[in-house]
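Q: Please find the sequence and the predicted model below.
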Amino acid sequence: MSALRRLLAVTALAVLLGVALSVLLPAGVAEAAGSPAPVASADHVVLAAEGPAGPRGPGGTGDTSVTVDLEGLTDKPGTSVAVLLALTLLSLLPAIVLTCTSFTKILIVLGLTRNALGLQQTPPNQVLAGLALFLSLFIMAPVLSDINEAGVQPYLDGQKSSTEAWDDGIDPLRSFMLGQTDDEELELLTNVADRELPETREDVPMSTLVPAFILSELEQAFIIGFIIFIPFLVIDIVVSGALMALGMMMMPPAMVSLPFKLLLFVLVNGWSLVITALVGSYG
């Protein structure tokens, strides 16, 4: 009997809850449907407004004018454009250093000096390349400064377009390369390309000037290397003749002449003379 009473009580309670929900729920839904939804104010939506906004109350227009000012946004290159140009320049930097600066000539002369001394790996290649790189920066510093002032900074400040900045920025480099290039190389490359000779040196295109500049640098480097080789060659001849006169034919002449070469090179301060000659060759 107790279980039956509990079942009847639970059933009655469920029926009462169902009747209450059926009475209260439609009224709540109708009230919710009739109430206006919250509307976002136009003042919060508008990002940039110019001029006084109209009143939002009864009788007011409520109009808000939006103005987007683009003046000055396209005068300067954006950050993404500057980063793209910087990455492109970094990827082309090794080729530019090898073909348009004094690096190649200096490195060849330093290598020939090491060979003239009879040394194989002293100084190491990394030391010679580092010395050549910093000497190139020292020689090219005025040119790089002119390029920065004539092309790079006006372009970043929005004073020149990309075409104008390129034309004005490349002029200092062209002047440097033309000053180090002989007329024979320019004529040779022009004839090889089957083009007409320009009226003046300034009219030579970059596609002809760059290889002509490299050929001139190689020729001048070999001339300087020949001059460096002469005194050390004399030492080798003298040592070889002395060994032959003493009957020491089994003694390698290079081993005997190496100390005398090093002594001569140190006494005349050879590295300073070579670097002075290299820097002086660029005026």
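A: Cool, got the structure.

Q: Name the residues of stretch 79-87 that are buried.
A: Within stretch 79-87, no residue is scored as buried using 16 or more other C-beta atoms under 10 Å. No exception for glycine: its C-beta is placed from N, CA and C like everyone else's.

Q: now what about stretch 207-225, what contacts it?
A: 99-100, 102, 104-105, 108-109, 112-113, 116, 174, 177-178, 180-182, 185-186, 188-190, 193, 195, 204, 274, 277-278, 281 (C-beta atoms under 8 Å, 6 or more residues apart in numbering).

Q: ugh, typo on my part, it should be stretch 99-114
A: Applying C-beta under 8 Å, 6+ apart, the set of residues contacting stretch 99-114 from outside is 97-98, 122-123, 128-129, 131-133, 135-136, 139-140, 173, 177, 180, 210, 213-214, 217-218, 220-222, 224-225, 228-229, 270, 274, 278, 281-282.

Q: Let me see the confidence value for Ala221.
A: The per-residue pLDDT reported for Ala221 equals 93.

Q: And Leu262, by the same measure?
A: pLDDT at Leu262 comes out at 90.

Q: among the helices and strands of this structure, which has the poorest mean pLDDT?
A: Lowest by mean pLDDT, DSSP states H and E among the helices and strands of the chain is helix 42-45, with a mean of 40.

Q: Look at the closest residue to Pro253 other than its chain neighbours and say how many residues are nearby.
A: Of all residues not flanking Pro253 in the chain, Ser240 sits nearest, at 4.4 Å (C-beta to C-beta, 6 or more residues apart in numbering). If you count neighbours by other C-beta atoms under 10 Å, Ser240 ends up with 17.

Q: distance of Ser240 from Ile228?
A: 20 Å (C-beta to C-beta, to the nearest Å).

Q: picking that back up, what's the next secondary structure element after the least confident helix or strand of the chain?
A: helix 79-100 (DSSP states H and E).

Q: model confidence over that following helix, on average?
A: Mean predicted confidence for helix 79-100 is 81.

Q: ok, now stretch 172-190?
A: Stretch 172-190 comes out at a mean pLDDT of 89.

Q: gap between Lys105 and Leu263?
A: 28 Å.

Q: cool, Val152 as well?
A: 49 Å.

Q: who's more crowded, Lys105 and Leu263?
A: Neighbour tally, Lys105 and Leu263, criterion other C-beta under 10 Å: the higher count belongs to Lys105, 27 against 11.

Q: Give me the angle between the helix or strand where that one lies and helix 79-100.
A: For Lys105, the host element (DSSP H and E) is helix 103-117. For helix 103-117 against helix 79-100, the angle by axes from the mean of the first three to the mean of the last three C-alpha atoms, to 10 degrees is 40 degrees.
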